[in-house]
Each structure stands twice: as structure tokens, then as C-alpha cells.
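K.L.:
Fold the following.
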Amino acid sequence: MLNGTAGFAEGSSDLSIWGAGNEARPHPMMVNPNALGTLPAGTYTGNVEDTVYVGPSIASSSVYYLGADATLRDLRVPYRLEGLQVGGPDAPAKLTIEAGVELRFEPETLLRVVDASSTLVAAGTAVKPIVFTSAREHPTAGAWAGIAFDELNPEDRLESVVVRYAGGPCQCSGFGCNDLPDSFDVSSALLVFKESVAPFLANARIEDSAGHGILRGWDGADVDLAASTTFARIAECTQTAPKDAGGRCPSEPPACPRSP
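P.N.:
So this is what the prediction gives:
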């Protein structure tokens, strides 16, 4: 367990953990968010649950977020997260996720990039996509909240990624022009609250969202984020319509594109 803001020293390598865990703590490692960039390559299989657990509760400090640049390495086991915030007060951070990584999120949690000074770079490949999914053993749509960009950085990138079982309650409303039925809720698998000035989403797949696929939650241009995105089993719109630069929606409800 890497508590507080502890991490491995530079140069650490070839760590093996096996035969570890119990019902309460089944993981070979439990780490605070700021340890993510320090985890060494090695072998983490043969435990009660072969996942690396990441959570702000393990920080046991005021630094509950990722507050420094980090690369999430492909350790050949999934990461299980209590949610993750990239960046914090006066602490810009860049999270780079290697191809092939799988991130499993606890119920009702979120991967959040807090402002334009912080960055998320998740560039998978066709053979090794990056997967964002639920930590539940038998997940259903809406098992976790999704990926949220409060603002965008020109370096932000989601390429060859898969987002599954998201669209749970985002605790947000009033953004964009497509509310969920009988509410002002706009829960979505991918929530973007600032207009994109550079392409950042490519060859993505969004599956089994309990809300929308993509929330375009800004006031401004009608930038298409779904040009190379595929969708499956999205409860509502594949992508919502943004408000215009004056914060207005059309007098008639805008189109709500659907997926199979």
C-alpha cells in the first residue's frame, strides 16, 4: 500500500507480487493517485484479484488528485479506480495512458480533467485499445459516470479508446440542448464542457451508456465529435447539440441521433 503521496523511487523495476490479498483487500497493490507515474514493470498476477487499486482514500492527505505528470503503464493487469481527478488547485498535471491499459471504475465515479492547464492523453491502437469500463463483476449501462473535461487543452487526446457502461449520474444539468427525458439531466459517457479548438477524439467506441454518448456541453460552434466515433446501445443521443454562442438552444428541440 502506497499511502499519502508515497511512490516508488526512480529506477525501480521488475517487481513481482503474487499470492497476495484477502476478501477486504484482494489487490496486489493499493496506491494513491500520485504514485501512478512511479509503478514499475513486473508481474502482478496470481493474487486474489489481479488489479492495481487506485483511490483518493489511500492518499490520506489533502492531495487526493493527480497533481503531477504521470504515465499509466501497461502492467498487464487492469487498474481499479475510486475515480480519478487529473489536476488540482495550482497543480497542473498530464496523465498519459499507454496502449492496452484497462481502467475499471467503481460505481458512480468519474475520470475528470479539471481545467485547461491539465491534460489527458490516451492513445491506444487498433490492436491494443485503451478501455475505460466498470469495476462491477456484472456491469450494466450507467455503472459509472464517465470521462469529463471541464476545459480542454490542445494536447488532450482520446484515440482508439473504448468507453463501456458509463453514463451514470453526472450531477450536472443545463448543458447543451438535449436533456434526458423528464429531467434536466445530461449524464453522458463522455462529457465535454468547453468547445474543442483542435481534434482530440479519434477512432473511439462508446458502448452501453445509460444517458447520452457524448455531451457537447459548451456555448459556441457545432463542432462534430462523432466523426470517427462508433456507438452501440446508447440510451439517448449519440451526441448532444451544443448551445449557440449566446447560450441559446433552437426553438424546436434539436435532432437526437441514435445508435443501434
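K.L.:
tell me how far stretch 68-79 is from the chain's mean position?
P.N.:
The chain centre lies 13 Å from the centre of stretch 68-79; the measure is C-alpha atoms, centre = their mean, to the nearest Å.
K.L.:
Which positions in that stretch come out as buried?
P.N.:
Ala68, Ala70, Thr71, Leu72, Arg73, Leu75, Val77, Pro78, Tyr79 (16 or more other C-beta atoms under 10 Å). Heads up, the C-betas are built off the backbone N, CA and C, glycines and all.
K.L.:
Also stretch 36-47?
P.N.:
Applying a neighbour-count criterion of 16+ other C-beta under 10 Å, one finds Leu36, Gly37, Thr38, Leu39, Tyr44, Asn47 buried in stretch 36-47.
K.L.:
Any chance of TSV for those residues, columns pLDDT, secondary structure and distance to Arg25?
P.N.:
Shown next, in TSV, are the buried residues of stretch 36-47 (pLDDT from 0 to 100; DSSP: H, G, I helix; E, B strand; the rest coil; distance: C-beta to C-beta, whole Å):
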residue	pLDDT	secondary structure	distance to Arg25
Leu36	95	helix	19
Gly37	94	helix	23
Thr38	97	helix	20
Leu39	97	coil	17
Tyr44	98	coil	14
Asn47	98	coil	10
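K.L.:
could you redo the residues you listed as CSV and give each row distance to Asp150?
P.N.:
Formatted as CSV, the buried residues of stretch 36-47 follow (distance: C-beta to C-beta, whole Å):
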residue, distance to Asp150
Leu36, 20
Gly37, 22
Thr38, 26
Leu39, 26
Tyr44, 32
Asn47, 35
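K.L.:
For Leu215, state which of the residues you listed is nearest.
P.N.:
Among the buried residues of stretch 36-47, Leu36 lies closest to Leu215 (C-beta to C-beta), at 26.3 Å.
K.L.:
excluding its backbone neighbours, what's nearest the closest one?
P.N.:
Ala70 (4.5 Å; C-beta to C-beta, 6 or more residues apart in numbering).
K.L.:
What residues does the one you found make contact with?
P.N.:
Asn34, Leu36, Gly37, Thr38, Ala93, Lys94, Leu95, Thr96 (C-beta atoms under 8 Å, 6 or more residues apart in numbering).
K.L.:
could you measure Ala241 against Ala204, distance?
P.N.:
As judged by C-beta to C-beta, to the nearest Å, Ala241 and Ala204 stand 19 Å apart.
K.L.:
Tell me which of these two has more neighbours.
P.N.:
Ranked by neighbour count (other C-beta atoms under 10 Å), Ala241 and Ala204 place Ala204 first, with 25 against 18.
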